[in-house]
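Enquirer: requesting a structural model of the entry that follows:
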Amino acid sequence: MRFHLASAAAVSTIAVTFTASTSSAFQTPLRLPVAASSIARSPSASSLASKIVAKNHWTHHDSKSRLQMAEEGVSGTGTASIPNEIFNLVKSIVGAGVLSLPAGIAAFGNAPGAIIPATLLISVIGLFSAYGFSLIGRVCSYTGGQSYRDAWSKSVGDSTSWLPAVTCTFKTCFAVLSYSMILADTIRALLMSAGVETTRTLSLLGITGTTLLPLCLLKNLSSLAPFSLLGIAGMFYTTIAMAFRYLGGAYKLGVPAVKGSKAAAVPAGKYLADVAANYQPKFGDLGASGALSPNVFILICMLSTAYMAHFNAPKFFIELKDNTIKRFNTVVGTSFGISIAFFALVGAIGFLTFGSASSGLILNNYAGTDALMGLSRIAVAASIVFSFPLAFAGAREGWLDLLKIPTEKRTDSIVKKATLAILAGVTLAATQLKELAFILSLAGATLGNALIYVYPALMLRSTVKGMGEKASKGLKREVPFAMFSALLGVVMGAIGTKMAFGLL
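Expert: Below you'll find the model as predicted:
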C-alpha cells in the first residue's frame, strides 16, 4: 500500500479561525468563515467571569447561583442560529482530508471486512473529538475566554499560554504544506488530462507564482469568504461521484473465464486500463482482524487531524444565539455526527473501490480520462486555492506572534517579507516531499492529540479546581473522565509516534 500524499489528512480543515493568539491579528478568519459578523465579546459571559473568577478562585458571594448560571451557560450577544452553526461547523470539519481516509484503512487491511473496525474507529474518535470541542466551549462559558489561548490563560494560567499557541501555529503550517502538495499533484493531473506534459514541481511553482502568492499578499481576505462553499460542495460532489463509480464497477478488476467452468468471464471496469499499475485495485484476505495490528494507529493519527476544528470552538460558542451549554452541545453533537457519517462513507467507498492500493489522496487512483472524477479534481483544486491564503495567514501571524513582533509593528514590509519567506519554504518542501505519511502521522499523534484531547481536559480540571468547593458534584465527577480522554490522547500519541517513525 502506498501512502502517497497522506498529507490530505492534515488538510482536514485546520480550523475555521486560527485563534492561537489573543492578539487582534489572530482573530482573522483563516479558513471557512463561520459567519459574516465579527467576533463579539460576550458581555454576559465576561461579566459572569469577572464576578465569579479571580486568580482561578471562585468568590464566595452568591456562588451557588452564579455557578449554576455558568454550568447552564449564559445568553450572549451572538446572532448565529443553531442550523447556521451546524452548517458552518460541518463545513469546517469536512475538508479535503477526508480523501485520505481510504489510505488509512488500507494501512491495516486489504479485504472489504476492514471497513467494519474502520467505521467503529471513525465513530469513536469522532465522539471523543466532539467531547473535546464541547469542553473548550464550556471552559469559555465558565471563564469568559474568547479564544483557545485565552481560555487556557484564564483556566490553566497565562504563563503557559504559549503552549497552545505554538501547537496551533505548527499545526497550521502542516496544513499549508499539505495544501501545496495536493495542489502539486492535482494541477499536474489536470494538465496531463488536457495533454500538457509537466512535472509536480513545475505545476506547483506555476500555481504558486501566478495565484497563491498574489492571494497571500492580499491585505483583506474577506473577499474570499464566498468561495468557502466550494469546499463542502466539492466534497459532496466527489462523494457522489465516487459512489457512482463504485456501484457502476468502472474500476473493478476483470476475472477471466476458467476452462471447464460454467462461470463466464467478468470484464474489467471501463477505466481500469487507464489507471497506473500501482493505483489499480488490490485486495487480499486481511479484513477486520487487521485492526489488531499496530498499523491501525496510522488511521487513528489521520483521524486526529481529520476532526480538527477545535481552535475555533470559542468562536462558535460566542457567536451562537442564546449560547447556553445545552444549545452549544446540540450544535456540536449534530455537526460531529454528520461528519462521522460522511467520513465513514467516503472511507468505505474509496477502500472498497481500490483496496490496499488506495492513495493518500484517493483522487490519484482515478483515471485521468474519467471526466466525472476530473470535475472532482477541479472542485478540490479550486477549494484549496481559495482556502490556502486563509490558512497561510494563520501560519504567518502565528510565526510573527511567536517571534514577539507586536501587532502595531507589523508593517506592510514585514508582512511581505514574512509571506515570501514562509511561502518559499513551504513550496520548496512540497516540491521535494512526496510521501508525507511520516510527517502527518507524527503531527496527528502529537499536535492533533494535544489540541483535541489533552489541552481541553487540562483546562476543565484547572477550571473546576479554581471553583473549589463551589464546583458541582457533576463537574467534579466529570474531571476524571476528562483526564481519561487526555490519557487516551497521550497513549494514542505515543503509539502513533512510534508507528510514524516506522514509516521511514
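
Enquirer: what distance separates stretch 212-221 from the centre of its chain?
Expert: Centroid separation for stretch 212-221 versus its chain: 23 Å, with C-alpha atoms, centre = their mean, to the nearest Å.

Enquirer: quick one, what contacts the closest residue to residue 446 other than its chain neighbours?
Expert: Using C-beta to C-beta, 6 or more residues apart in numbering and skipping residues adjacent in sequence, the residue nearest residue 446 is residue 493, 5.7 Å away. Using the backbone N, CA and C atoms, a C-beta is placed for each residue, glycine as well. For residue 493, the contacting residues are 445, 446, 449, 450, by C-beta atoms under 8 Å, 6 or more residues apart in numbering.

Enquirer: next, count neighbours for the first one.
Expert: Residue 445 has 27 neighbouring residues, counting by other C-beta atoms under 10 Å.

Enquirer: can you map out the helices along the stretch 401-504 of the chain?
Expert: Ranges of helices in the stretch 401-504 of the chain, per DSSP state H, counting those that start in this stretch, are 412-432, 437-443, 449, 455-467, 473-501.

Enquirer: number of residues surrounding residue 213?
Expert: By other C-beta under 10 Å, the residues close to residue 213 number 17.

Enquirer: so it sits against residue 423, correct?
Expert: Yes - contact criterion C-beta atoms under 8 Å: residue 213 and residue 423 qualify, at 6.2 Å.

Enquirer: let me see the ranges of the strands in the protein.
Expert: Secondary structure of the chain (DSSP state E): strands at 53-54, 57-58.

Enquirer: quick one: stretch 428-448 to chain centroid distance?
Expert: Taking C-alpha atoms, centre = their mean, the mean C-alpha location of stretch 428-448 is offset from the chain mean by 14 Å.

Enquirer: got it, and stretch 305-320?
Expert: Counting by C-alpha atoms, centre = their mean, stretch 305-320 is centred 11 Å from the centre of its parent chain.

Enquirer: list the buried residues of it.
Expert: Neighbour-count burial for stretch 305-320 flags 305-320 (criterion: 16 or more other C-beta atoms under 10 Å).

Enquirer: where does the prediction get shaky in the stretch 201-350 of the chain?
Expert: 257-265 (pLDDT under 70).

Enquirer: and if we set it to 50?
Expert: Applying pLDDT under 50 to the stretch 201-350 of the chain flags no residue at all.

Enquirer: the residue nearest to residue 231 when sequence neighbours are not counted and residue 91: what is the separation?
Expert: Using C-beta to C-beta, 6+ apart and skipping the chain neighbours, the partner closest in space to residue 231 is residue 383 (4.2 Å). Using C-beta to C-beta, to the nearest Å, we find residue 383 at a distance of 11 Å from residue 91.

Enquirer: from residue 482, how far off is the residue nearest to residue 446?
Expert: Using C-beta to C-beta, residue 493 is found at 17 Å from residue 482.

Enquirer: now residue 284
Expert: In terms of C-beta to C-beta, residue 284 sits 40 Å off from residue 482.

Enquirer: which of the two has more neighbours?
Expert: For residue 284 versus residue 482, neighbours defined as other C-beta under 10 Å are more numerous around residue 482 (21 against 12).

Enquirer: show me what contacts the more buried one?
Expert: If a contact means C-beta under 8 Å, 6+ apart, then residue 482 has 135, 456, 457, 460, 461 as its contacts.

Enquirer: how long is stretch 317-326 end to end?
Expert: Counting by C-alpha to C-alpha, to the nearest Å, the length from the leading to the trailing residue of stretch 317-326 is 11 Å.

Enquirer: next one: that stretch to chain centre, how far?
Expert: Worked out by C-alpha atoms, centre = their mean, stretch 317-326 lies 23 Å from the chain centre.

Enquirer: try stretch 229-241
Expert: Offset of stretch 229-241 from its chain centre (C-alpha atoms, centre = their mean): 16 Å.

Enquirer: and it, C-alpha only, in CSV?
Expert: What follows is stretch 229-241, C-alpha atoms only, in CSV (Å, rounded to 0.1, in the frame of the first residue of the first chain):
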residue,chain,number,x,y,z
LEU,A,229,-18.8,27.0,0.0
LEU,A,230,-16.6,25.4,-2.7
GLY,A,231,-15.0,23.1,-0.2
ILE,A,232,-18.1,21.5,1.2
ALA,A,233,-19.8,21.5,-2.3
GLY,A,234,-16.7,19.9,-3.8
MET,A,235,-16.6,17.2,-1.1
PHE,A,236,-20.3,16.3,-1.5
TYR,A,237,-19.9,16.1,-5.3
THR,A,238,-16.8,14.0,-5.0
THR,A,239,-18.5,11.6,-2.6
ILE,A,240,-21.4,11.1,-5.1
ALA,A,241,-19.1,10.6,-8.0
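
Enquirer: for that stretch, buried residues please.
Expert: If you call a residue buried by 16+ other C-beta under 10 Å, then stretch 229-241 has these buried ones: 230, 231, 232, 234, 235, 237, 238, 239, 241.

Enquirer: sorry, back to before: so the residue nearest to residue 231 touches residue 229, yeah?
Expert: No - Residue 383 is beyond contact range of residue 229, at 9.1 Å (criterion: C-beta under 8 Å).

Enquirer: OK, contacts around residue 453?
Expert: For residue 453, the contacting residues are 128, 132, 485, 486, 488, 489, 490, 492, by C-beta under 8 Å, 6+ apart.

Enquirer: which ChimeraX command selects the buried ones in those residues?
Expert: A single ChimeraX command is used to select the members of those judged buried by 16+ other C-beta under 10 Å:
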select :128,132,485,486,488,489,492
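
Enquirer: pLDDT and distance to residue 330 for the contacts of residue 453 - can I get that in CSV?
Expert: Below are those laid out as CSV (pLDDT from 0 to 100; distance: C-beta to C-beta, whole Å):
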residue, pLDDT, distance to residue 330
128, 94, 18
132, 94, 17
485, 92, 21
486, 93, 25
488, 90, 25
489, 90, 25
490, 92, 30
492, 89, 28
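
Enquirer: can you redo the contacts of residue 453 as CSV with distance to residue 207?
Expert: CSV is the format used below for these (distance: C-beta to C-beta, whole Å):
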residue, distance to residue 207
128, 37
132, 35
485, 40
486, 40
488, 40
489, 36
490, 39
492, 35
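
Enquirer: what's the closest of the contacts of residue 453 to residue 167?
Expert: Distance ranking of those against residue 167, using C-beta to C-beta, places residue 489 first at 12.5 Å.

Enquirer: before we move on, back to that, how many residues are close by the residue nearest to residue 231?
Expert: Other residues close to residue 383 by other C-beta under 10 Å number 25.

Enquirer: let's see the pLDDT reported for it.
Expert: For residue 383, the model assigns a pLDDT of 84.

Enquirer: ok so, going back, common neighbours of residue 383 and residue 91, please.
Expert: In contact with both residue 383 and residue 91: residue 231, using C-beta under 8 Å, 6+ apart.

Enquirer: isn't residue 455 up against residue 161?
Expert: No - with contact defined as C-beta under 8 Å, residue 455 does not count as touching residue 161 (10.8 Å).

Enquirer: identify the contacts common to those two.
Expert: Common neighbours of residue 455 and residue 161, using C-beta under 8 Å, 6+ apart, are residue 152.

Enquirer: these two: who's more crowded?
Expert: When residue 455 and residue 161 are compared for neighbours, residue 455 comes out ahead with 27 against 20, by other C-beta under 10 Å.

Enquirer: which residues touch the more buried one?
Expert: Here residue 455 is in contact with 148, 152, 163, 164, 167 (C-beta under 8 Å, 6+ apart).

Enquirer: I'd assumed residue 150 was in contact with the fourth one.
Expert: No - applying C-beta under 8 Å, one finds residue 164 not in contact with residue 150, separated by 9.9 Å.
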